[in-house]
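J.: kindly generate the corresponding structure for this input.
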Amino acid sequence: MAVTISQEGHVTIIKYADNKRPLKVAPYIARSAADRGILWEILTFVERESNEPHHLAKMEDAKFYSLVERLATLACRKFSPMTKWGVTKPEIRGIVLFTLRAAVVAGTWPESYEVTSTTFVRNGGYPGE
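T.: Here you go, the predicted model:
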């Protein structure tokens, strides 16, 4: 099955397998130092638990998105982000996807991550807010 990606408002819907529910991915908005601390917790968790970036780059799309879901689920079990921080699972998926994509582009785990108005991690809010 070909991966299909669609948009519903700020949420991205990724259909990656016939036998799986589509992934809902929402941008994580870092508005404060506490938000950046949460981001750091999830980023370092993903780096620890994931395959090396050169392996990620070789993955088929369906397996890559399956990994995104697995890592998001593991992060939710470890941190209980909704209870502790008010961060939803779609936002956790956004952080995971942001981290993995940056690593694939860099070929290694980056020293720093570039945050823009179009990435799944954003500073301050949505454009036009």
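
J.: in contact with Lys84, which residues?
T.: Residues near Lys84 by C-beta atoms under 8 Å, 6 or more residues apart in numbering: none. Where C-beta positions appear, they are placed from N, C-alpha and C, glycine not excepted.

J.: next structured bit after the host helix or strand of it?
T.: Using DSSP states H and E, Lys84 sits within helix 81-85. Scanning forward in sequence from helix 81-85 by DSSP H and E, the next helix or strand is helix 89-106.

J.: would you put the C-alpha positions of the helix holding Lys84 in PDB?
T.: Only the C-alpha atoms of helix 81-85 are listed here, as PDB (Å, rounded to 0.1, in the frame of the first residue of the first chain):
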ATOM      1  CA  PRO A  81       2.400  13.100  28.800                       C
ATOM      2  CA  MET A  82      -1.300  13.900  28.900                       C
ATOM      3  CA  THR A  83      -1.600  13.400  32.600                       C
ATOM      4  CA  LYS A  84       1.700  15.100  33.500                       C
ATOM      5  CA  TRP A  85       2.000  17.800  30.900                       C
END
